[in-house]
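Participant: Dropping a prediction and its sequence here:
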Amino acid sequence: MALEMVPVMDPAMAPEMAQRPGAVPILYSFRRCPYAIRARLALQLAGLRPGLDLELREVALRAKPPELLQASAKGTVPVLVLPASGDQGSTVLDQSLAIMAWALDRHDPGDWQRLGPGAAAAEKRQDMAALIEQNDGPFKYHLDRFKYAGRYPAGEPGDHRAAALAILRQWNRRLEQAGAGTGEMTGEIAGASDGRDCTDLGWGRGPWLLGERPSLADAALLPFVRQFRLADPSGFDAESDLSALQRWLHQGITSAAMAAVLAPPWGLRQPWRSPSWIYHLALAEEWQEAQRQGSYRRSTRGLSLEQVGFIHASRADQLAATYRRFYGDAGPVTLLTIDPQQLPAPLRYEPAPQRGGDAGSDRSAEAGGEERAAKVGDESSEGGEKGNELFPHIYGPLPLEAVLNAEPFALGDSP
């Protein structure tokens, strides 16, 4: 059956509304992605702040929002969408290095790009480009086949680990030449003790890959070396001929800068909720039962699809009120992210049914039978608002393939 929409559709559900450029850049990111981490490091250095200077949208890789795919068909993160300016439309940067360059062109207090004049600065830029190319090319190639061996069954993980280690030893020698092999690390890792502005990331004096000061090369390589170590921490730490690189990595990953980009508001743990999708709160045990049965047939808490006639759902901005009104004391709740285009049953945007109607087809049955959730007033919607707010209703079973993501929900997760 074709997807059915009522003539009056809530405008907040229109995908183009979310795609329309706003007043600030939009960053699509993924907390653990090394490409996204290095982009966030540069944006942080440039002084941008999520929620103020840019909007950060965390992406669930198994459920990429259509807004991301509309901005960049390749669907990888990070992606930075710059708002329209004057006669120029929005600009999309879908490469991490392009995002870093954009950020540092705005503000580069540490001279990460080494933009000074003369042959020495030009040589530094050339060295930096070569290091990044080696990281993004052969090192990343071997890292993937070592860390994610299951994805590459034709390769031998041990061989790829050895090849990656050979590259790391080159970087270790570079750090040794810069003085990293003598004594302890220098500089305050968090940068708090000397009172410096934390916009310089507080990485302190060297040694770093290009000398005593950090550069774009350090920020670009650190997340990937970190990932290599995470694949086998004890093995990496036991490599006695990587002592300089180990200190360099430790100084970078234990810094306030790295902690900041891995924690909110830079490193969000909950994915952004697209207005192109709809959402349903399900009791955890009922979602588990649906997975065994092959489809979901609950209307709302305490009522089945057969009792009500449709499955209640919400827009992203309605979730918090819906949860507070009906699920606050329900125990474990699972948030289902639903793609409307995958629904075989009609989807209609309607006001929440008012009390006093047919108890078998509206919310009144829930309101009367589930006082523990909340009472619904004569004009109260299921989201807790007065008036004619529209809610998505699914007039049929919910197939599992229409559920893009299922994750535990807590009130603090909702925008």
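Facilitator: Sure, I can see it.
Participant: Tell me how far residue 214 lies from residue 227.
Facilitator: Taking CB to CB, to the nearest Å as the measure, residue 214 falls 19 Å from residue 227. The way it works is simple: take the backbone N, C-alpha and C, and place the C-beta from them, glycine included.
Participant: Look at these two and report which has more neighbours.
Facilitator: More crowded of residue 214 and residue 227, by other CB atoms under 10 Å: residue 214, with 29 against 17.
Participant: residues contacting the more buried one?
Facilitator: Listed by CB atoms under 8 Å, 6 or more residues apart in numbering, the contact partners of residue 214 are 110, 112, 201, 203, 206, 208.
Participant: ok, now with 10 Å
Facilitator: When contacts are counted by CB atoms under 10 Å, 6 or more residues apart in numbering, residue 214 touches 41, 45, 110-112, 187, 200-201, 203-206, 208, 222, 248, 251-252, 255, 257.
Participant: And residue 230, by the same measure?
Facilitator: Remark: with contacts taken as CB under 10 Å, 6+ apart, residue 230 is in contact with 32, 147, 236, 253.
Participant: Now the buried members of those residues.
Facilitator: Neighbour-count burial (16 or more other CB atoms under 10 Å) is assigned, among those, to 147, 236, 253.
Participant: Okay, and which of those residues map to helices?
Facilitator: Using DSSP state H to define helices, the subset of the buried ones among the contacts of residue 230 located there is 147, 236, 253.
Participant: Using TSV, lay out these together with distance to residue 320.
Facilitator: Below are these laid out as TSV (distance: CB to CB, whole Å):
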residue	distance to residue 320
147	37
236	43
253	35
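Participant: For the residue minimising distance to the centre of the chain, name its beta-bridge partners.
Facilitator: Residue closest to the mean C-alpha point of the chain, counted by CA atoms, centre = their mean, is residue 58 at 2.2 Å. For residue 58, the beta-bridge assignment (DSSP bridges) gives partners residue 29.
Participant: wait, isn't it in contact with residue 29?
Facilitator: Yes. The pair residue 58 / residue 29 is scored as a contact, 6.1 Å apart, by CB atoms under 10 Å.
Participant: Point out where the stretch 101-250 of the chain drops to low pLDDT.
Facilitator: Within the stretch 101-250 of the chain, the stretches with pLDDT under 70 are 180-202.
Participant: For it, which segments are assigned as helices?
Facilitator: Taking DSSP state H, counting those that start in this stretch as the criterion, the stretch 101-250 of the chain contains helices spanning 119-134, 140-147, 157-177, 216-231, 233-237, 243-253.
Participant: Relative to residue 82, which of the ones you listed is closest?
Facilitator: Ranking these by distance to residue 82, with CB to CB as the measure, places helix 216-231 first at 20.1 Å.
Participant: That closest one vs helix 157-177, what angle?
Facilitator: 140 degrees (axes from the mean of the first three to the mean of the last three CA atoms, to 10 degrees).
Participant: how big is the angle separating helix 216-231 from helix 119-134?
Facilitator: Compare the direction of helix 216-231 with that of helix 119-134 by the same axes, to 10 degrees and you get 30 degrees.
Participant: Show me which positions of helix 216-231 end up buried.
Facilitator: Under the neighbour-count criterion of 16+ other CB under 10 Å, helix 216-231 has 216-229, 231 buried.
Participant: what do you get for stretch 78-90?
Facilitator: Taking 16+ other CB under 10 Å as the criterion, stretch 78-90 shows 78, 79, 80, 81, 82, 83, 90 as buried.
Participant: was I right about the first one contacting residue 25?
Facilitator: Looking back up the chat, that one is residue 78. No. Proximity of residue 78 to residue 25 does not meet the contact threshold set by CB under 10 Å, at 11.1 Å.
Participant: Let me know the closest of the buried residues of stretch 78-90 to residue 268.
Facilitator: Closest approach between the buried residues of stretch 78-90 and residue 268, by CB to CB: residue 78, at 13.0 Å.
Participant: domains for the protein, by residue range?
Facilitator: 11-106, 119-253, 278-413 (automatic domain parsing).
Participant: Just the residues contacting stretch 130-138, thanks.
Facilitator: Counting by CB under 10 Å, 6+ apart, 34-35, 38, 95-97, 100, 139-140, 143, 163-164, 166-167, 170-171, 174, 209-210, 215-225 sit against stretch 130-138.
Participant: that older thread, from the buried residues of stretch 78-90, which land in strands?
Facilitator: In strands, judged by DSSP state E, the following of the buried residues of stretch 78-90 are found: 79, 80, 81, 82.
Participant: For the last one, give the beta-bridge partners.
Facilitator: Okay, so that is residue 82. The residues paired with residue 82 through beta bridges, assigned by DSSP bridges, are residue 91.
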